[in-house]
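**Q** build me a model from this:
(one chain, ligands or ions: 1)
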Amino acid sequence: MDADEFRTRGRQMVDYVADYLDTIDSRRPLPDVTPGYLRELIPSTAPDRGENFDTVMADLDRVIMPGVTHWHSPQFHAYFPAANSFPALLGDILSGGLGAIGFTWASNPACTELEVAMMDWLGKMLQLPNDFLYSESEKGGGIIQSSSSESALMALLCARTEVIRQQQDNNQHLTKGQVLDKLVAYTSIESHSCIERAAMTGLVTIRALPSDENGALRGATLEKAVQDDLDKELIPFYLGASIGTTTRCTFDNLKELGPVCNKHKIWMHIDAAYAGSACICPEFRYILDGVEHAKSLAFNPHKWMQVNHDCTAMWVKDKELIEGAFHIDYYILRQSNHGVRMPDFRHWQIPFGRRFRSLKLWFVLRSFGVSGLQALIRKDISLAKQFERFVQSDPRFEIVAEVVLGLVCFRLKGDNSRNERLNYLIHKDGRIHMTPSKVKDMYFLRFAICSTRTGAADVAFAWDIVREMADKVTLENGSVCYNEFIDHD
Ligand SMILES: *Cc1c(COP(=O)(O)O)cnc(C)c1O
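**A** Sure, this is the predicted structure:
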């Protein structure tokens, strides 16, 4: 393919994507395929000779589309939103086209410098304490990671390196392995599995602590767990706190947890993957109160802030702890002829290479403006409130967690089995897509406002379907267990 053909194909592909998104409301959110469907549709080996791109385009509708879940359908209410906006798509085209990898400042200065600037823009939008900003502090700064999972892991590995160093400073006979055996990380039972996985990857013990009746991890619970571990001569070192859990969007009490962490020199990392975006609205910023105690935090503009996957914003208060944790020629690559020291992001992440992801963030922030992004968040929250009122108007149902942002967790009063059945019927019906969840043995349904195309009529449509399926459950006698559609995250 030469540049001229690329121009033609590029226009064709942009049309394809624009048409797809323009007409997405005509598609059912879930595809009707079974595992292994695609294998039958393509040859079992790569073609020996290059094919004409027309044949490739023709296969999109034959091979790919039948198996696509339409996350941007206005009837998609599962998981959490996945951002998808045109300015971000343009940024990804440009990033791909430049194809310039930014592992050090010199390997692509614009990549590093725009990222540094964007992390400060974002940090100010979230009203983060100055300690996290490049421009306002000596030590703070941020990076775009590819995921919240990676951010939680990076934070844990940095905390681990630091605590091992401190322990060995105090006792030179200790081996790393001996310290490792004593390290304990904490999180809440409600937090995302990525925290537990970070601990598993980091080979440290993790304790999932109980949440209170509102789903929050509280300071006293942490303090007690830490005391128990100190009594056993273990070394508490990391807390994975959550702001907006995936299961039911609950919030750990950072204002209580922070001081406990400070007292025991525990690294508090905040996972605000979904809810972080809401903090750009002053009226929701309170959910991050206590962030000043954190050593690191991350949220996903790729969820709820119009930046296409992948784009996770992660900040640290002390960049030397992240740059120094796994440094290889740490000071050697310092840029000599500049007054400003720019980070070499390869030290801040697991991979070496990195894409120019700040472009799409820049395009989004400039195209929507802060007030435009705030308006979209507020719209989604008001739609969730609308659904909540529907649920409350029907005495058969109950709300499972306070609706603060764009997620409504609800269930039929009574047995889990009735709710499993309800979930099964909604899933089988297929006109809307939701995913269930379970906390403390209570099974419930999650209705998330996901697509920017979802409006009041779609919420009313969804509620009609939920009610219709609930009528069936109410009519049926005897309960059958249909547990197969639980998504364990
Ligand atoms: C979605 C989500 C994650 C996982 O995010 P990735 O960026 O895919 O790793 C982690 N934590 C919470 C609370 C989430 O909602």
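**Q** ok, the residue lying closest to residue 425 once chain neighbours are set aside - contacts?
**A** In space, and not counting its chain neighbours, residue 425 is closest to residue 469: 4.1 Å by C-beta to C-beta, 6 or more residues apart in numbering. For glycine as for every other residue, the C-beta is placed from the backbone atoms N, C-alpha and C. Contacts for residue 469 (C-beta atoms under 8 Å, 6 or more residues apart in numbering) come out as 422, 425-426, 429.
**Q** does residue 469 count as helix, strand or coil?
**A** Classification of residue 469 using DSSP: H, G, I helix; E, B strand; the rest coil returns helix.
**Q** break the chain into its domains for me.
**A** Listed by automatic domain parsing, the domain ranges of the chain are 69-97+373-489, 100-356.
**Q** of those domains, give the one that comes closest to the ligand.
**A** Taking C-beta to the nearest ligand atom, domain 100-356 is the member of those nearest to the ligand, at 3.3 Å.
**Q** how far off centre is the closest one?
**A** Taking C-alpha atoms, centre = their mean, to the nearest Å, one finds domain 100-356 lying 14 Å from the centre of the chain it belongs to.
**Q** what is the end-to-end distance of it?
**A** Taking C-alpha to C-alpha, to the nearest Å, domain 100-356 runs 7 Å from one end to the other.
**Q** close to the ligand, is it?
**A** Yes. For domain 100-356 and the ligand, the contact criterion (C-beta under 6 Å from any ligand atom) is met by 147-149, 192, 194, 242, 244-246, 271, 273-274, 300, 312.
**Q** sorry, back to before: restricted to helices, list the contacts of residue 469.
**A** Among the contacts of residue 469, DSSP state H puts 422, 425-426, 429 in helices.
**Q** of the residues you listed - the most surrounded one?
**A** residue 422 (25 neighbours; other C-beta atoms under 10 Å).
**Q** contacts only, for it.
**A** 412, 445, 466, 469-470, 473.
**Q** now the residues you listed in a markdown table, with pLDDT?
**A** Output for the contacts of residue 422, formatted as a markdown table (pLDDT from 0 to 100):
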| residue | pLDDT |
| --- | --- |
| 412 | 97 |
| 445 | 98 |
| 466 | 98 |
| 469 | 97 |
| 470 | 96 |
| 473 | 93 |
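**Q** okay, and the helix or strand of the chain with the least pLDDT?
**A** helix 319-323 (a mean of 89; mean pLDDT, DSSP states H and E).
**Q** after that helix, which helix or strand is next?
**A** helix 358-392 (DSSP states H and E).
**Q** mind giving me the packing neighbours of that following helix?
**A** Packing partners of helix 358-392 (3 or more C-beta pairs under 8 Å, 6 or more residues apart in numbering; DSSP states H and E): helix 86-98, helix 109-125, helix 301-304, strand 397-399, strand 407-412, strand 442-448, helix 456-475.
**Q** let's see it at 6 Å
**A** helix 86-98, helix 109-125, strand 407-412, helix 456-475 (3 or more C-beta pairs under 6 Å, 6 or more residues apart in numbering; DSSP states H and E).
**Q** any weak-confidence spans in the protein?
**A** 329-339, 477-489 (pLDDT under 70).
**Q** what do you get if the cut-off is 50, keeping everything else the same?
**A** Counting by pLDDT under 50, the chain contains low-confidence residues at 330, 332, 479, 481-489.
**Q** residue 184 looks like it's in a strand, true?
**A** Yes. According to three-state DSSP, residue 184 belongs to a strand.
**Q** quick one: buried residues of the least confident helix or strand of the chain?
**A** Within helix 319-323, the residues that qualify as buried are 319, 321-323, counting by 16 or more other C-beta atoms under 10 Å.
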